[in-house]
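>>> pasted the sequence and its predicted model underneath.
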Amino acid sequence: MTTRRLQQLHPPAVPVDAGDGAEIEISATSPGRWEGHVQLDDGRTTPFLAHRDGQQVHVWIAGESYVFAPPTPTTRARRSGQPAGGDIVSPVPGVVMTVLVASDDIVEAGQDLVIIESMKTEHLVKSPRNGVVEQVLVQEGEQVERGVLLVVLVGVGGEE
Amino acid sequence: MFSKVLVANRGEIAVRVLQTLQAMGIATAAVYSDPDANAPHVALADHAFPLGGSTAEETYLDRRKIMELAKSCGAEAVHPGYGFLAENPAFSRECAEAGLVFIGPSPETIELLGDKIRSKEASVKAGVPVVPSSPMWTPGESQPDDLSSQIGFPLLVKAAAGGGGRGMRMVERVQDLETALESASRESASAFGDGRVFLERYIPSARHVEFQVLADSSGNTIHLLERECSVQRRYQKVIEETPSPILNEDLRTRMAASAVAMAKSAGYTNAGTVEFLVDAQTGEYYFLEMNARIQVEHPITEETLRLDMVEWQTRIAAGESITLSQEDVRPSGHAVECRIYAEDPYSDFAPATGRLLAWRPPSGMGIRLDSGVAEGQEVSAYYDSMLAKLVAWGPDRQSAIGRMQRALESFPVLGVTTNIPFLIRAIAHPDFRSGDYDTGFIAKHPELTAPPASNHLNAAAAAIAERIWQSSGPISGNNMSGQASAITRGTQGPWRGLSKSTFP
């Protein structure tokens, strides 16, 4: 019985039993690359392809691609899209087109905070709740990754 | 025929066009941005020239840079692909002034069709019904309420220029209208350099059916039948098929005649597409717009008609006449296309970026992949998120869908999140299988985009990941992220004459 070291980052999912009993036939085929077959709980055998990239392990199996990594404090934020509390993060990678709020602004739930352009499409980042802007951490024209902190809200209250 | 052609595009369409030009014995030139230096279209062309820069504006939209490269490399014509400069009348005009042939319609036709209001007028003149719409709205002008009063809610905000769902918003309540107008206008200004938008009546349970037309400069105009494009997310097509499951022979004949009439009314030359909305309830159809370019989804027409659209575009631009008669246009079998997007289907199709750690396209009977990426390549946020188009042909609809299903299920992609799991569910869905779907298909079936429940598959994936983690250690010694992986070549069956694989 092994303890789980990794957490599923994608697709979003509740923790699963790592299936320690799974029959895996696996071989390393090139640097960072593993391939083989796995027997599923229902008895079927299916091929897989996996790749290790730094701290992440990517596994393709039966049409779905999974990403695993050791748990870190930010993992939770990345998994849910928006972290808990007053931190507003970018839902997409892209460029900050417009910042619509400044420090000390009072914002309402649903109010537009930042506009991110990603792959030629606009994404409006809205406030999840009523509050006051404590800090704006990005500037117009800045490149952001998905999950990067954009705005910090305080005085959290009102509707979720 | 031209001796050399410059392809002013990137990604799968640049690869697609280059392949046909090479098959025709024409010398080719490509252009590329800094992030695309290692892209497949660069490696494929006889010559490739850097545009310098990363954003679309400073590269593939820079008319002056592209024009100068085309002239200095000795090209006689420019193929614009789709998007970027494909429907830019100024570019088409500048090409003509510089003595270069623009492979597409005339600047006047592009101007007319690019203006959604004028194109609707041309449609009415051609006797083709249109969806009611408002006059143009420009930022700074207020009173959007005046515009909406003639249309009613729900309505669509649409960009005067453009396509691909850019600058389009559905609005259900009057209080949301102004925000939607401003956002759509900004997006359109950024994507097309034109911030004008207008309102159009929203037709629920509509089917999106388009007709391909081909017209030469001696006045021959034919149609190449329809494509059904109703599976959409964010007003952008995801799955297309031909023939359409809802057209009967009578409706097909009438719509095809409308498409040809529209093309003639616009003075159209080269390959173009007339888009219609079909009201599934009443069987009525309405002209939506005419696209003055090669469409993303052209391969399904090529597969059922066994012709090469890019070859016809090039021949028409070189002054040749269409040697096909309307009677020659006889489809065989059924074709389906799935667009492979770098996006997260479980997170409202949010665009995804990253490095393609693995990219192993399927092959087999009836399978074609038009791809613009290769394993090891970085997918950036600078450009459109479409990576490739998977096309399946079969002697009938069910066999084409069956082949597509198998191909999607055997298409490993790692490192960049794609919509493949969504596509697998969508084409397996009973409503898609029965052909009973409309543009609301994705919204109506939330199970298509729900994260998969924990099951024996992710349990097995977790076990594999743990095993790899254990065997390669917590600190990965050989820093795989810095290494270029071996690039596998897509192998394709000796199936039909068209070039099947665009995988480099």
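Alright, I've got the coordinates.
>>> pull the residues that contact stretch B:108-117.
For stretch B:108-117, the external contacting residues (CB atoms under 8 Å, 6 or more residues apart in numbering or on different chains) are B:87-89, B:92, B:104-105, B:118-119, B:122, B:133, B:135-136, B:158-161, B:198, B:266-269, B:272, B:289-292. Quick note: C-beta positions are derived from backbone N, CA and C, even for glycine.
>>> again, 6 Å this time
Contact with stretch B:108-117 is made by B:87, B:89, B:92, B:118, B:119, B:160, B:161, B:266, B:267, B:268, B:290, B:292, as judged by CB atoms under 6 Å, 6 or more residues apart in numbering or on different chains.
>>> so what's residue B:299 up against?
B:370, B:391.
>>> let's see that with 7 Å instead.
Listed by CB atoms under 7 Å, 6 or more residues apart in numbering or on different chains, the contact set of residue B:299 reads B:337, B:368, B:370, B:389, B:391.
>>> gap between it and residue B:341?
For residue B:299, the distance to residue B:341 (CB to CB, to the nearest Å) stands at 16 Å.
>>> got it, and residue B:22?
Here the criterion is CB to CB. By it, residue B:22 lies 27 Å from residue B:341.
>>> and those two? Which one has more around it.
Applying other CB atoms under 10 Å in any protein chain shown to residue B:22 and residue B:341 shows that residue B:341 carries more neighbours, namely 25 against 15.
>>> returning to what we had before: among the contacts of residue B:299, which ones are in strands?
B:337, B:368, B:370, B:389, B:391 (DSSP state E).
>>> from chain A, how far out is the nearest residue to the fourth one once chain neighbours are set aside?
So that's residue B:389. Nearest residue to residue B:389 in three dimensions, chain neighbours excluded: residue B:370, at 4.5 Å (CB to CB, 6 or more residues apart in numbering or on different chains). Counting by CB to the nearest CB, to the nearest Å, the gap from residue B:370 to chain A is 19 Å.
>>> now swap in residue B:138 and tell me
As defined by CB to the nearest CB, residue B:138 lies at a distance of 18 Å from chain A.
>>> which residues touch that residue?
Residue B:138 is in contact with B:195, B:196, counting by CB under 7 Å, 6+ apart.
>>> so for it, what's the pLDDT?
Looking at residue B:138, its pLDDT reads 82.
>>> gap between whatever residue of chain A ends up closest to chain B and residue B:225?
Nearest residue of chain A to chain B: residue A:32, at 3.1 Å (CB to the nearest CB). Residue A:32 sits 46 Å away from residue B:225, going by CB to CB.
>>> cool, and residue B:270?
Taken as CB to CB, the span from residue B:270 to residue B:225 is 18 Å.
>>> of these two, which one has the most company?
residue B:270 (24 against 21).
>>> from what I can see that one touches residue B:104, true?
Yes - counting by CB atoms under 7 Å, residue B:270 does reach residue B:104; the two are 5.3 Å apart.
>>> could you list everything residue 130 pairs with in the sheet?
Since you didn't name a chain, this refers to chain A. Taking DSSP bridges, one finds residue A:157 as the beta-bridge partners of residue A:130.
>>> correction: the question concerned chain B.
Beta bridges link residue B:130 to residue B:287, judged by DSSP bridges.
>>> quick one, what contacts it?
Residue B:130 neighbours (CB under 7 Å, 6+ apart): B:120, B:123, B:124, B:286, B:287.
>>> which pLDDT value belongs to residue 10?
As the question left the chain open, I've gone with chain A. Looking at residue A:10, its pLDDT reads 94.
>>> please refer instead to chain B.
With respect to pLDDT, residue B:10 has a value of 98.
>>> what does residue B:436 give?
Looking at residue B:436, its pLDDT is 95.
>>> surely it forms part of a helix?
No - counting by DSSP: H, G, I helix; E, B strand; the rest coil, residue B:436 falls outside a helix, being coil.
>>> okay, now it: neighbour count?
Counted by other CB under 10 Å, the residues lying close to residue B:436 total 13.
>>> quick one: name whatever helix or strand follows the lowest-mean-pLDDT helix or strand in chain A.
When each helix and strand of chain A is scored by mean pLDDT, DSSP states H and E, helix A:75-80 comes last, with a mean of 46. Next in sequence after helix A:75-80, counting helices and strands by DSSP states H and E, comes strand A:87-89.
>>> tell me what that following strand is packed against?
strand A:149-157 (3 or more CB pairs under 7 Å, 6 or more residues apart in numbering or on different chains; DSSP states H and E).
>>> just the buried positions in the strand it packs on, please.
Residues of strand A:149-157 classed as buried by neighbour count (16 or more other CB atoms under 10 Å in any protein chain shown): A:150, A:151, A:152, A:153.
>>> what packs against that strand?
Contact partners of strand A:149-157 among helices and strands, from 3+ CB pairs under 7 Å, 6+ apart: strand A:87-89, strand A:112-118, strand A:130-136.
>>> what's the next secondary structure element after the host helix or strand of residue A:52?
Assignment of secondary structure by DSSP H and E places residue A:52 within strand A:45-53. For strand A:45-53, the succeeding helix or strand toward the C-terminus, using DSSP H and E, is strand A:56-61.
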